[in-house]
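Visitor: Okay, predicted coordinates and the sequence, questions at the end:
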Amino acid sequence: MDFVSPVLEVASLICNCVGDRADHLRRLPQNLISLRAAMEKLNNVYKDVKERVEREENLEKKRTHVVDGWIGRAEAMEKEVNELLDRCDEENQKKCFGTCCPRNCRASYKLAKMVREKMDAVAELQSEGSNFQEVAAPLPSPHVIERPLKEKPVVGLDSPFREVWGLLQHKQVGSIGIYGMGGVGKTTLLKKINNKFLQSSIKAFDIVIWVVVSRPTNLERVQETIRSRLQIPDDRWKGSEDDKATEICRILKTKKFVLLLDDIWEPLDLLRVGIPLLGDGNESKIVFTTRSADVCGGMAAQKSIKVECLEEKEALSLFQAKVGEDTLNSHPDIPKLAEMVAKECKGLPLALIVIARAMASAKTPEEWERNLQKLRLYPKDVAGMENDLFSVLAFSYDSLPDEATKSCFLYCSLFPEDYQIPSERLIQLWIGEGFLDEYDDVQEARNQGGKITQMLKHACLLEVGKRNRKYLKMHDVIRDMALWLACEKGKKKNKFVVKDGVGLISAQEVQKWKDAQRIALWNKTSIEELREPPCFPNTETVIVRMTRFTFPCSLFINMSVIRVLDFSYNKTLELLAPEIGNLATLQYLNLSLTMIKYLPIELKNLKKLRFLILDEMFSLASLPNQMVSSLSSLQLFSMKSLYSRLRVDEIMLLELEQLEHINDISIMLTSIQSIQRLFESHKLRRATTLLQLARCRGVNQVQLVSPSCIKELVLDGCDELEEVKIIHFEKQVVPSKFPNPQCCFNHLLSVDINGCNKLLNLNWLIHAPKLQHLCIDGSKIIEKVIEDERSEGSEIESDLSVFSRLVSLYLDNLPKLESIYEHPLPFPSLRRFTVSGCPRLKKLPFDSSICMSKKLENIKGQQEWWDGLEWNDQTLMHNLTPYFQSL
């Protein structure tokens with residue numbers, strides 16, 4: 001029986017094997033169903049993972065290697081399962097006829113086993129895909145991200161771009177401020193700088209970070225932008241603002257970075273953000289843009305660069321590019337009209353782009369002409385001007401600190417396009433309007449007005465005038481925006497009425513001005529005869545200058561809230577209606593450069609009048625008795641004129657002295673008696689800010705009393721004047737030609753001396769430390785402007801400040817002049833120096849630092865005089881020669 005056991009064991013194994021295979025075959029139909037179901041679940045998981053990956057990749061992330069491998073295996077699995085299912089279907093078709101038994105048991109068994117294995121593999125793959133916590137990780141940050149430029153080509157920014165890019169190469173310069181008016185191209189310039197770093201040859205910095213700051217400043221948003229750029233993970237981005245700043249600082253200290261901050265409206269505390277201090281071997285850079293020069297100072301920019309408007313040729317090029325050749329070529333007249341339209345934009349890129357878009361579809365000359373007229377008269381009606389231009393520029397207005405400053409800005413829109421606004425006269429108008437009423441003293445209000453003009457210039461809402469720095473100018477597009485704002489964004493068209501050179505205005509048009517708050521008529525504008533008295537119940541301001549306007553009596557009847565009347569420069573105005581005395585609310589009256597011969601006595605009734613300006617009234621013969629002293633609120637009185645018939649005598653000085661509130665007087669005196677009367681009165685002496693001494697016969701010495709508030713001094717035609725002396729307020733004549741420094745003319749800014757042929761010198765100027773303008777013309781015997789007779793051992797502190805604030809120096813027709821000052825001086829503020837008719841002046845008063853100030857603009861004189869100058873320092877000659885301009 002020994003042979004039976006092995007046989008039984010083999011039989012048992014055969015039965016088990018056959019049974020296992022039979023079980024696979026028996027379960028195959030159900031397993032196929034289960035495999036299809038499992039594969040469907042895997043496909044759903046696959047789709048979910050793919051969608052998650054695509055979302056993350058759209059956020060500039062990269063799928064992980066694990067996920068990428070899983071996706072590949074899932075796709076391969078789908079292919080394998082589909083092939084397996086197809087083979088099973090084929091094998092199923094090969095069963096014995098009339099039975100469910102496979103023809104090839106071995107092949108069917110293999111398929112059944114594979115199905116079982118795939119079921120497990122699919123389930124495992126599905127489980128793995130369902131448990132992914134992270135499918136993608138942030139990409140390694142590029143050192144710079146390109147910023148798309150909205151407008152191409154970029155026109156007119158080459159010069160500031162080269163300047164900024166050059167500064168970025170300097171190790172000593174860490175922070176750069178870029179400022180300019182809205183729409184001038186600051187952001188475009190910053191984008192050009194950012195994109196320049198994309199060039200593969202430029203790898204000087206580890207990372208360039210771009211942040212739009214905007215307003216109001218949101219420190220958290222700034223930190224989040226920097227965090228995103230530095231890829232700080234969530235587990236390190238917790239806690240307070242200071243904790244986040246610390247983390248930013250920790251990372252940036254390890255990098256050489258460029259931080260580009262766009263659109264800053266107020267100084268940003270970079271330490272609070274987390275930006276490490278520059279310097280001490282840190283060669284990182286910070287560049288920012290702003291509309292305000294003050295922000296450049298507040299951000300401690302080492303260099304500040306102003307972006308100016310485009311030159312005319314560049315502006316036309318940009319405008320033509322945006323209009324398009326198709327439109328420009330649609331009619332021969334259109335290119336010339338395009339030039340005219342482009343000129344109206346005065347080089348402001350944003351205005352050029354907005355208006356070019358509006359004109360791009362205009363294919364006929366008539367359309368261009370209509371739009372040009374609209375642009376000149378009603379710019380807000382041009383398509384895109386309100387939403388795309390004025391609203392953008394108005395952010396600068398919105399950022400002004402208070403309503404007074406905003407009112408001062410809007411007031412500038414009353415002046416014509418390209419008008420050179422005298423800053424002093426503008427400030428007087430502001431005071432007259434009541435914008436600065438919080439200051440009781442005129443000088444305090446004037447000082448505040450000066451601060452406001454500086455603020456508006458720094459905000460790029462006003463510009464320095466072309467004549468000199470005493471004048472202001474408003475860019476035409478900014479002016480259009482200001483008028484739009486003043487008229488409540490165009491809702492009240494006639495709230496500010498400004499007419500310049502429009503000719504005759506109809507009475508019907510005048511009737512529409514009944515709701516006007518301010519009216520300004522300029523340059524050959526006139527109004528036809530009015531049948532009925534005009535009604536201006538809401539009008540606070542009427543400015544009528546350089547017109548052919550006839551001033552009817554009825555003009556003053558219905559002005560119940562008028563504050564300012566400015567009729568200056570109307571040379572056809574010969575008579576002032578007595579009804580002006582009815583204007584009980586009037587505070588400012590300017591009649592300068594009119595041909596009025598007599599002023600009505602009714603002016604006495606103007607009890608609220610604070611400013612009375614009667615300059616250069618050549619026909620005015622006299623003032624009504626006690627008129628000036630009756631103006632009980634008068635603070636400023638100006639009657640200056642070198643050629644007026646009317647003289648300010650002792651009687652008028654007495655009237656001025658009686659005024660309680662007077663603190664600003666500008667007058668011309670012609671007699672020694674009136675000069676003495678002025679300086680004997682403490683009140684008048686403290687109030688006089690401009691003094692003209694003209695044709696003072698018999699006067700060989702003028703004694704100026706110190707301290708004095710005089711800002712401008714004119715000596716004209718005083719043929720016998722030999723000396724100007726200073727006396728202390730205690731009336732003790734100072735014997736020295738160099739008086740005690742405490743006897744100072746701290747307020748004196750301007751001195752003009754004309755035709756004083758016996759004047760020996762101007763030694764007293766050494767104690768005018770703030771002098772900005774000096775003009776000496778026609779003094780035949782003066783040899784030295786300041787004559788130094790001090791002993792070698794003497795010390796005068798004034799040496800350090802003499803002429804240190806001088807901006808302009810004019811010397812003309814001084815045949816004996818040999819020197820300006822005994823020693824060379826630095827002249828750190830000098831911009832303009834003009835010499836004519838001074839053949840003996842062989843040496844210039846400058847020391848070697850004159851060129852270091854970088855303020856000098858020109859030296860003008862005859863070529864023969866320049867060639868004959870004697871130089872102790874040849875380097876100084878070479879440095880100054882480029883500034884010389886031959887007269």
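Guide: Yep, that arrived.
Visitor: residue contacts, Val184?
Guide: Listed by Cβ atoms under 8 Å, 6 or more residues apart in numbering, the contact set of Val184 reads Val307, Glu308, Cys309, Leu348, Pro349, Leu350, Cys460. (C-beta placed from N, C-alpha, C; glycine too.)
Visitor: do the same with Lys256
Guide: Contacts for Lys256 (Cβ under 8 Å, 6+ apart) come out as Ala204, Phe205, Asp206, Asn282, Glu283, Ser284.
Visitor: Now do the same for the third one: its pLDDT.
Guide: What the model reports for Asp206 is a pLDDT of 89.
Visitor: The helix or strand containing Phe395 packs against which elements?
Guide: Phe395 belongs to helix 391-398 when assigned by DSSP states H and E. Here helix 391-398 is seen to pack against helix 476-486 when contacts are counted using 3 or more Cβ pairs under 8 Å, 6 or more residues apart in numbering; DSSP states H and E.
Visitor: between the helix or strand just after the helix it packs on and helix 476-486, what angle do the directions make?
Guide: Heading C-terminal from helix 476-486, the first helix or strand you meet, by DSSP H and E, is strand 496-500. Taking axes from the mean of the first three to the mean of the last three Cα atoms, to 10 degrees, strand 496-500 and helix 476-486 form an angle of 150 degrees between their directions.
Visitor: List the buried residues for strand 496-500?
Guide: Using 16 or more other Cβ atoms under 10 Å as the test for burial, strand 496-500 gives Phe496, Val497, Val498, Lys499, Asp500.
Visitor: how about TSV for those, with distance to Leu42 and pLDDT added?
Guide: Written out in TSV, the entries for the buried residues of strand 496-500 read as follows (distance: Cβ to Cβ, whole Å; pLDDT from 0 to 100):
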residue	distance to Leu42	pLDDT
Phe496	74	95
Val497	79	94
Val498	77	94
Lys499	81	92
Asp500	80	90
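Visitor: of all those residues, which two lie farthest apart?
Guide: When Cβ to Cβ is used, the two most widely separated members of the buried residues of strand 496-500 are Phe496 and Asp500, lying 12.8 Å apart.
Visitor: can you give me the helices in the stretch 201-350 of the chain?
Guide: If DSSP state H, counting those that start in this stretch is used as the criterion, the helices of the stretch 201-350 of the chain fall at 219-230, 241-252, 270-273, 293-298, 312-323, 325-328, 334-344, 349-359.
Visitor: err, the stretch 401-550 of the chain, not the other one
Guide: Under the criterion DSSP H, counting those that start in this stretch, helices of the stretch 401-550 of the chain are mapped to 403-411, 423-433, 442-458, 476-486, 507-511.
Visitor: re earlier: including mean pLDDT, distance to Leu198 and mean neighbour count, could the helices of the stretch 201-350 of the chain go into TSV?
Guide: Formatted as TSV, the helices of the stretch 201-350 of the chain follow (pLDDT from 0 to 100; distance: least, Cβ to Cβ, whole Å; neighbours: other Cβ atoms under 10 Å):
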stretch	mean pLDDT	distance to Leu198	mean neighbour count
helix 219-230	93	15	17
helix 241-252	93	21	17
helix 270-273	94	25	17
helix 293-298	92	27	19
helix 312-323	92	24	19
helix 325-328	92	30	14
helix 334-344	94	32	18
helix 349-359	92	23	24
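Visitor: Can you redo the ones you listed as a markdown table, where the extra columns are distance to Phe618?
Guide: Rendered in a markdown table, the data for the helices of the stretch 201-350 of the chain read as follows (distance: least, Cβ to Cβ, whole Å):
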| stretch | distance to Phe618 |
| --- | --- |
| helix 219-230 | 62 |
| helix 241-252 | 68 |
| helix 270-273 | 60 |
| helix 293-298 | 42 |
| helix 312-323 | 40 |
| helix 325-328 | 53 |
| helix 334-344 | 38 |
| helix 349-359 | 43 |
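Visitor: Compute the number of surrounding residues for the residue nearest to Ser681 when sequence neighbours are not counted.
Guide: Once flanking residues are discounted, Ser681 sits nearest to Glu657: 5.6 Å by Cβ to Cβ, 6 or more residues apart in numbering. Number of residues near Glu657 (other Cβ atoms under 10 Å) recorded here: 17.
Visitor: do the same with the one 5 residues further on
Guide: Summarising burial for Ile662: neighbours were counted as other Cβ under 10 Å, giving 25.
Visitor: that older thread, just put the helices of the stretch 401-550 of the chain in CSV and tack on mean neighbour count.
Guide: Rendered in CSV, the data for those read as follows (neighbours: other Cβ atoms under 10 Å):
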stretch, mean neighbour count
helix 403-411, 19
helix 423-433, 22
helix 442-458, 19
helix 476-486, 24
helix 507-511, 13
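Visitor: Quick check: what element follows the lowest-mean-pLDDT helix or strand in the chain along the chain?
Guide: For the chain, counting by mean pLDDT, DSSP states H and E, helix 4-58 ranks last in confidence among helices and strands (a mean of 70). Following helix 4-58 in sequence order, the next helix or strand is strand 61-63 (DSSP H and E).
Visitor: Now do that following strand, average pLDDT.
Guide: Taken as a whole, strand 61-63 has a mean pLDDT of 83.
Visitor: Contacts only, for Gln635.
Guide: Per Cβ under 8 Å, 6+ apart, neighbours of Gln635: Val442, Arg610, Phe611, His661, Ile662, Asn663, Asp664.
Visitor: Just send those back as TSV, with pLDDT and secondary structure too.
Guide: As requested, the contacts of Gln635 are exported to TSV (pLDDT from 0 to 100; DSSP: H, G, I helix; E, B strand; the rest coil):
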residue	pLDDT	secondary structure
Val442	84	helix
Arg610	95	coil
Phe611	95	strand
His661	92	coil
Ile662	93	coil
Asn663	90	coil
Asp664	92	strand
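Visitor: quick check, nearest of those to Cys487?
Guide: Taking Cβ to Cβ as the measure, Cys487 lies nearest Phe611 of the contacts of Gln635, at 26.6 Å.
Visitor: Name whatever forms a beta bridge with the closest one.
Guide: Legend: beta-bridge partners of Phe611 under DSSP bridges are Tyr588, Leu636.
Visitor: separation between it and Val648?
Guide: Applying Cβ to Cβ, to the nearest Å, the value for Phe611 to Val648 is 17 Å.
Visitor: what do you get for Ser886?
Guide: For Ser886, the distance to Val648 (Cβ to Cβ) stands at 42 Å.
Visitor: Tell me which of the helices of the stretch 401-550 of the chain approaches Gly384 most closely.
Guide: helix 476-486 (12.9 Å).
Visitor: Would you mind getting the angle between the closest one and helix 442-458?
Guide: Computed by the same axes, to 10 degrees, the angle between helix 476-486 and helix 442-458 is 120 degrees.
Visitor: Flag the shaky bits of the stretch 651-800 of the chain, pLDDT-wise.
Guide: Within the stretch 651-800 of the chain, the stretches with pLDDT under 70 are 728-743, 788-800.
Visitor: where along it do the helices fall?
Guide: For the stretch 651-800 of the chain, helices defined by DSSP H, counting those that start in this stretch occupy the ranges 672-680, 682-687.
Visitor: right, and these - which one's nearest Pro335?
Guide: With respect to Pro335, and counting by Cβ to Cβ, the nearest of the helices of the stretch 651-800 of the chain is helix 682-687 at 59.7 Å.
Visitor: Give the other helices and strands that that closest one contacts.
Guide: helix 650-657, strand 664-669, helix 672-680.
Visitor: so what secondary structure elements neighbour the shortest one?
Guide: Packed against strand 664-669 by the contact rule (3+ Cβ pairs under 8 Å, 6+ apart) you find helix 442-458, strand 636-639, helix 682-687, strand 688-694.
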